[in-house]
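Undergrad: Give me a 3D structure for the following:
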Amino acid sequence: MNAAGQRRLTPILAVGAALLAALVVSLLLGVGRGVHWDAPGTPEPLPAVRPVQLPPTSPLARFAEVWGRPLFMTDRKPAAVADAGDASGNIGDLELTGIIVTPGLRMALLRDRSKDTTVRVKEGASLADSHWVLASLSARSAFFENGGERRELTLKVAAPDAPTKGQQPGMPPAAPAAPPRMQPGGMTIQRQGGSGMTGPALPSPAPAATRQAPPRQDDDALQRARIEALKQAVQKRRMEQQQRQQQALDSQ
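TA: All right, here's what the predicted structure looks like:
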């Protein structure tokens, strides 16, 4: 900063310093000591609480048909589960309801039938109030160990449908046969099934009931009459539009 700039800045700094000095002197003389907060006021009373009448709950038996006839089952019957009555595969009233296996978490979800609560156990941890330790997990099983004893809890899954007649176990059901296709000339082509052939079979004449009868002369005359009536209606509408346009020009 040059000398001229310093000379212009000096009065401004002097005025600022004088104002700050006056402020300090006023505070020392007691300016502002009489300022105080107002006394706390009495809060307004809350409105009276009105009792809320909740609707009555429906009894559980009213929804028995929901699980008695499942909507997403083809036969509308409950899924059958395998019930192993062996005590060696149980741990008290606990049953396995879910398994979580992720790169950072391995956990088993159990349900306590006596308390109707959910118990979560991580792999390597022990059950609460018990010495059973979750040793390992698989896709559908959880293995617990207690000293030298080992027990396995498995997920209860729906029993598979019984194979139909002529279907091998483990194979998907055969697709339904495609309906015969009608070809020009009253001929049908039907695919062969069961032998693995995918080519069409030899054409066979269609039944007499499925053959298309030739159009009658009465139908042709009726069709021509409809077309003629449609043409006349279009021409009449065009003439009316031209007349309205002509009347609008004449009125101007």
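Undergrad: Okay, strands next: where are they in the stretch 1-150 of the chain?
TA: Here the stretch 1-150 of the chain has its strands, by DSSP state E, counting those that start in this stretch, at 94-102, 105-112, 117-122, 133-137, 141-146, 149-154.
Undergrad: Reformat those strands as a markdown table; add mean pLDDT and distance to E65.
TA: Quick note: C-beta positions are derived from backbone N, CA and C, even for glycine. Shown next, in a markdown table, are the strands of the stretch 1-150 of the chain (pLDDT from 0 to 100; distance: least, CB to CB, whole Å):
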| stretch | mean pLDDT | distance to E65 |
| --- | --- | --- |
| strand 94-102 | 90 | 24 |
| strand 105-112 | 90 | 24 |
| strand 117-122 | 90 | 26 |
| strand 133-137 | 91 | 36 |
| strand 141-146 | 90 | 33 |
| strand 149-154 | 89 | 30 |
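Undergrad: what would those strands look like in a markdown table with distance to P47 and mean neighbour count?
TA: Listed next are the strands of the stretch 1-150 of the chain as a markdown table, based on distance: least, CB to CB, whole Å; neighbours: other CB atoms under 10 Å:
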| stretch | distance to P47 | mean neighbour count |
| --- | --- | --- |
| strand 94-102 | 46 | 15 |
| strand 105-112 | 44 | 17 |
| strand 117-122 | 39 | 14 |
| strand 133-137 | 53 | 17 |
| strand 141-146 | 54 | 18 |
| strand 149-154 | 54 | 15 |
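Undergrad: Of all those, which one is nearest L28?
TA: strand 105-112 (67.2 Å; CB to CB).
Undergrad: For that closest one, which strands pair with it and how are they oriented?
TA: Next to strand 105-112 in the sheet, as set by DSSP bridges, lie strand 94-102 (antiparallel), strand 117-122 (antiparallel).
Undergrad: Can you add distance to E145 and give those strands back as JSON lines?
TA: Below are the strands paired with strand 105-112 laid out as JSON lines (distance: least, CB to CB, whole Å):
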{"stretch": "strand 94-102", "distance to E145": "15"}
{"stretch": "strand 117-122", "distance to E145": "12"}
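Undergrad: still on that earlier bit, indicate which one of the strands of the stretch 1-150 of the chain is closest to Q235.
TA: Per CB to CB, nearest to Q235 of these: strand 94-102, 75.9 Å.
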